[in-house]
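J.: Make a model of this:
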Amino acid sequence: MLVSVSLIKISKSFDYILPAALEGKISVGTKVKVPFGNIEKLGFISAIDTKPALNPKIKMKEILGLAEELPFPSTILPLAEFLTKTYANTIGEVFSVLKPSILTKKLLLKPSTAKPEVLPLFYANTQNPKIKEALDFASKQQKTLFYGSSFAPSEAALFAAHKTLSAGGQVLVLVPDVVSCSKLIAEIKQKLGERNILHWHQQVPLPIRKKTIAEIYQGKPCVVVGTRSAVLLPFKNLKLGLMFYEEDKLFKQEEWSPYYHAREVLFERAKLEGGRIILISSAPSLEALKNTALFNFEDSKFVSKVQILPLEYTIKNNKFISSQLALLLEDNFNKGKQSLLIINRLGFAGAYSCVFCGSLAKCKKCGAVLSHQKTAKGEILFCKKCGAKETINQICPRCQNQIFRDTLGGTQAVEEELKHLFKEAKVLRLDSQTLAKIDLKKINFSDYDFIVGTALSLRANFQKCRISLAAVLDGGAALKTADFRAGEHFAQTLYALKTLLAVEQNPRLIVQIKDKNLFDFPALEKHNYLTFAKEELEFRKEFNFPPYAKLVHLILTAKKQEDLNTYGKAVEDALKTAYADFMEIEGPVACGAKSKNFAQCYYLIKSKNDAMLSGFLQTLRQNPPPKKLELKVLADPYNFV
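T.: Presented below is the predicted three-dimensional model:
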């Protein structure tokens, strides 16, 4: 009998002969030892095929034996199948995390009979009718969304965790990252008992991770607080899953395999294992709104005092802060208040344009718009598409002018502009570059007059700050992207700012935008996120976008452009021939850093038929591209090129 084995850390399956002694002892997902070249490797059975080899001259190798592994619940196989079919992962990639190698028989302790720490009676206002109503509502649903910007949704969710833990169940609390959620984590410890809390994220040392996974596997009543990978832990008695800030894109794993979205895996586990899920958000994703039962904590009679002011502007003299905004910032500064400026670009990442005709400086190699950047060696123009570098001394191809300037700024440019406008002010920059170097816990944000950053900065704890003015510096750029979720992300940013400003007496929320007509969100101006979401869902349904359809990115990489073109055309023809009635395909679109060493492009597939899409992805897995090509399949993509 032949079986396919998906090797760990190799995204490919290989056929082996199953010895007669092992027949009847294996199933899909069984961990085995196999010969691979001159070494022995571990892998998981991905398929069992009783057909004989087509060519008897091919010398097949036998499986060496079963690898040591612990018993896992029967739900692990359907969960693995969900991860392979939905996200185009291999069985080996999936089982390597569902059956982690650090979990061994030696690691397991005797089952603990000790009761969990006595739970604190944290809940002072258990008679709050809204919270009691929410808990009663959630108890009758498998998937619930607590919506609201007050403390009540979090309090209600933690009370549900308190009740579950008291009954001896396991609770999973998912957060996007541990740094920005430190205040929430501290609150969980206080209200659920520190000894009842287990942590799971990259900063946890390996010895503690081993102890944690052993206790989870043995069913210890506990609350596991972790980032997205915690959703794959081998829980024995998972009764409740909480997901805070569920709209955060950090819950989607696209950087490395296995690929998945923690929210969707949590939903699948609830369906398979019988637990309940509560999502908590003040600006939920449209997927969550469509697929859960909504409990609204917001008071329909409440009128927010935070006014959204779309401010039309034109950049002059190479400055990104308009004169109108500068006056408002000055007034806020003179009152001793803080201002927060958001722009989703780093450094000096702006386009370079002719001052006379407005033509943009473009790459001479690939035609993409060049980015103006400052380096240690001076200023350069950089092509983010092909990696080419050019001097800032440009000649306009349209009018032959030689004077160029930045048309858009990044965080670093805005930081310098603020320092020039307000020489006595203290300015803090928060973006992916600075956040990687600083410890947010040690920063006293109230010491700064101006904070400028990307949307990442909104994860910081501004609890004790005096922020009374917030501005999105380029609303147009935020909306004019290839991402169909741009409007949703923009709305979520505004609502995060609105919540931040709500404690101030006379707050101002400003959207700086070149074309005022582009800011066509009457629901947002009235602070009604649910109305905006309803309108956006209707738009998605009409144009066949998630959550009413599935999207898949096929990213192809090759050393030669002709190889890329040949394989891409074959995939395109196969899809149009066999799946034309069920799927749409767009592309190819050049992406990545094109160079002499490799070329890259992607296709975007859209489908409303889950079964057909899963079949197509399975065909791709079973027929990998030639060795000279690399294919990456991203289902439900969140990052668009």
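J.: Pull the number of nearby residues for residue 543.
T.: Other residues near residue 543 come to 11 when the count uses other Cβ atoms under 10 Å. In this view, the C-beta of every residue, glycine as well, is placed from N, C-alpha and C.
J.: wait, I meant residue 36
T.: Using other Cβ under 10 Å, residue 36 has 16 neighbouring residues.
J.: From residue 94, how far off is the residue nearest to it when sequence neighbours are not counted?
T.: Of all residues not flanking residue 36 in the chain, residue 7 sits nearest, at 6.7 Å (Cβ to Cβ, 6 or more residues apart in numbering). Separation of residue 7 from residue 94 (Cβ to Cβ, to the nearest Å) stands at 13 Å.
J.: So for those two, which sits in the more crowded spot?
T.: residue 94 (27 against 21).
J.: Identify, by residue count, the longest strand of this protein.
T.: Taking DSSP state E as the criterion, the chain has its longest strand at strand 39-49.
J.: hey, C-alpha coordinates of that one in CSV?
T.: The C-alpha trace of strand 39-49 is given here as CSV (Å, rounded to 0.1, in the frame of the first residue of the first chain):
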residue,chain,number,x,y,z
ILE,A,39,18.7,11.2,6.7
GLU,A,40,15.6,10.3,8.7
LYS,A,41,12.8,12.9,8.9
LEU,A,42,9.4,13.2,10.6
GLY,A,43,6.2,13.8,8.7
PHE,A,44,2.4,13.3,8.8
ILE,A,45,0.3,10.9,6.7
SER,A,46,-1.5,13.2,4.3
ALA,A,47,-3.3,10.6,2.1
ILE,A,48,-3.7,6.8,2.0
ASP,A,49,-3.8,5.2,-1.4
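J.: Give me the contacts around that strand.
T.: 1-8, 10, 13-15, 18, 26-35, 64, 67, 90-92, 95-96, 99, 101 (Cβ atoms under 8 Å, 6 or more residues apart in numbering).
J.: all helices of the stretch 201-350 of the chain, in order?
T.: 206-217, 262-273, 286-291, 323-334 (DSSP state H, counting those that start in this stretch).
J.: Redo those as CSV? Include mean neighbour count.
T.: Converted to CSV, the helices of the stretch 201-350 of the chain look like this (neighbours: other Cβ atoms under 10 Å):
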stretch, mean neighbour count
helix 206-217, 16
helix 262-273, 21
helix 286-291, 19
helix 323-334, 15
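J.: would CSV of these with distance to residue 396 and mean pLDDT be doable?
T.: Below are the helices of the stretch 201-350 of the chain laid out as CSV (distance: least, Cβ to Cβ, whole Å; pLDDT from 0 to 100):
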stretch, distance to residue 396, mean pLDDT
helix 206-217, 58, 92
helix 262-273, 48, 96
helix 286-291, 43, 96
helix 323-334, 27, 91
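J.: can you tell me which of those comes nearest to residue 496?
T.: Residue 496 lies closest to helix 286-291 among the helices of the stretch 201-350 of the chain, at 16.0 Å (Cβ to Cβ).
J.: Check which helices and strands the closest one is in contact with.
T.: Counting contacts by 3 or more Cβ pairs under 8 Å, 6 or more residues apart in numbering; DSSP states H and E, helix 286-291 packs against strand 143-147, helix 262-273, helix 529-542.
J.: Could you dump the ones you listed into CSV with distance to residue 383 added?
T.: Below are the helices and strands packed on helix 286-291 laid out as CSV (distance: least, Cβ to Cβ, whole Å):
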stretch, distance to residue 383
strand 143-147, 43
helix 262-273, 35
helix 529-542, 33
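J.: among the ones you listed, which is nearest residue 243?
T.: Among the helices and strands packed on helix 286-291, the nearest to residue 243 by Cβ to Cβ is helix 262-273 (6.2 Å).
J.: What lies in contact with that closest one?
T.: The contact list for helix 262-273 (Cβ under 8 Å, 6+ apart) reads 73, 75, 78-79, 82-83, 86, 142-143, 172, 174, 228, 231-232, 235, 238, 241, 243, 246, 251-253, 275-277, 279, 285, 287-288, 291, 636.
J.: That one to strand 143-147, inter-axis angle?
T.: Put simply, helix 262-273 runs at 140 degrees to strand 143-147, going by axes from the mean of the first three to the mean of the last three Cα atoms, to 10 degrees.
J.: Run the chain-centre distance for helix 262-273.
T.: 17 Å (Cα atoms, centre = their mean, to the nearest Å).
J.: For that helix, C-alpha coordinates in PDB please.
T.: C-alpha atoms of helix 262-273 as PDB (Å, rounded to 0.1, in the frame of the first residue of the first chain):
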ATOM      1  CA  ALA A 262      -7.500  33.400  14.200                       C
ATOM      2  CA  ARG A 263     -11.200  34.500  14.100                       C
ATOM      3  CA  GLU A 264     -12.200  31.900  11.600                       C
ATOM      4  CA  VAL A 265     -10.200  29.100  13.300                       C
ATOM      5  CA  LEU A 266     -11.900  30.100  16.600                       C
ATOM      6  CA  PHE A 267     -15.300  29.800  14.900                       C
ATOM      7  CA  GLU A 268     -14.400  26.400  13.500                       C
ATOM      8  CA  ARG A 269     -13.300  25.100  16.900                       C
ATOM      9  CA  ALA A 270     -16.500  26.300  18.500                       C
ATOM     10  CA  LYS A 271     -18.500  24.300  15.900                       C
ATOM     11  CA  LEU A 272     -16.300  21.200  16.400                       C
ATOM     12  CA  GLU A 273     -15.900  21.300  20.200                       C
END
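J.: For the chain, give the helix that spans the most residues.
T.: helix 561-578 (DSSP state H).
J.: Can you list the buried residues in that helix?
T.: With burial defined by 16 or more other Cβ atoms under 10 Å, the residues of helix 561-578 counted as buried are 563-564, 567-568, 571-572, 575.
J.: What about the contacts of helix 262-273, which are in strands?
T.: 143, 172, 174, 238, 241, 243, 252-253, 276-277, 279.
J.: before we move on, back to that, just the buried members of the contacts of strand 39-49?
T.: Using 16+ other Cβ under 10 Å, the buried ones in those are 3-7, 13-14, 18, 26, 28-34, 90-92, 95-96, 99.
J.: Counting only helices, which of those make the cut?
T.: The members of the buried ones among the contacts of strand 39-49 that map onto helices under DSSP H are 91-92, 95-96.
J.: What is the nearest of the residues you listed to residue 620?
T.: Using Cβ to Cβ, those come closest to residue 620 at residue 91, 14.7 Å.
J.: where does the closest residue in space to residue 183 that isn't next to it in sequence fall, phi/psi-wise?
T.: Distances taken as Cβ to Cβ, 6+ apart place residue 461 nearest to residue 183, at 5.3 Å, with adjacent residues excluded. The phi and psi torsions at residue 461 (degrees, to the nearest 10) take the values phi -90, psi 100.
J.: This completes my enquiry, with thanks.
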